[in-house]
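Asks: no sequence on this one, just coordinates:
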């Protein structure tokens, strides 16, 4: 059964969580984190959207993203990162899974 389409409400804040497959680490070293942030910056500028906050953790990322193009930005970022990570660490396969949801008014106020 195919997954549901990602929620992408223009102008709304979105909570985007990217987790390692099977809760595995998605960063093995500081270079992995740096490369992801550099690529994220490029994608955000290209898509003309904004990230209001982010957290990089060993086995997942959290973004609060507003604007347009969330799906495009994340698809490009995570596809690129999987290719980079697999080459850098000499492995194959999927690296991440993604959960996205639009924030409600009460969550925005918090």
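Replies: On my side now, so go ahead. This is a predicted model, so every value here is computed, not measured.
Asks: residue ranges of the helices in this protein, please?
Replies: Assigned by DSSP state H, the chain shows helices spanning 30-47, 70-88, 105-109.
Asks: Quick check: residue 81 touching residue 39?
Replies: Yes - assessed by Cβ atoms under 8 Å, residue 81 is found in contact with residue 39 at 6.9 Å. For glycine as for every other residue, the C-beta is placed from the backbone atoms N, C-alpha and C.
Asks: quick one, which of those two is more surrounded?
Replies: Legend: neighbour count by other Cβ atoms under 10 Å for residue 81 and residue 39, higher for residue 81 (21 against 16).
Asks: The residue nearest to the more buried one when sequence neighbours are not counted: what's it in contact with?
Replies: Nearest non-adjacent residue to residue 81, counting by Cβ to Cβ, 6 or more residues apart in numbering: residue 36, 5.6 Å away. Neighbour list for residue 36: 27, 56, 61, 77, 81 [criterion: Cβ atoms under 8 Å, 6 or more residues apart in numbering].
Asks: List the contacts of residue 86.
Replies: Taking Cβ under 8 Å, 6+ apart, we find residue 86 in contact with 92-93, 95.
Asks: re the thing from before, buried deepest among the helices of the chain, which one?
Replies: Comparing the helices of the chain by mean neighbour count (mean count of other Cβ atoms under 10 Å), helix 70-88 comes out on top with a mean of 17.
Asks: quick one: which of the contacts of residue 86 is nearest residue 50?
Replies: Residue 50 lies nearest to residue 95 out of the contacts of residue 86, by Cβ to Cβ, at 25.1 Å.
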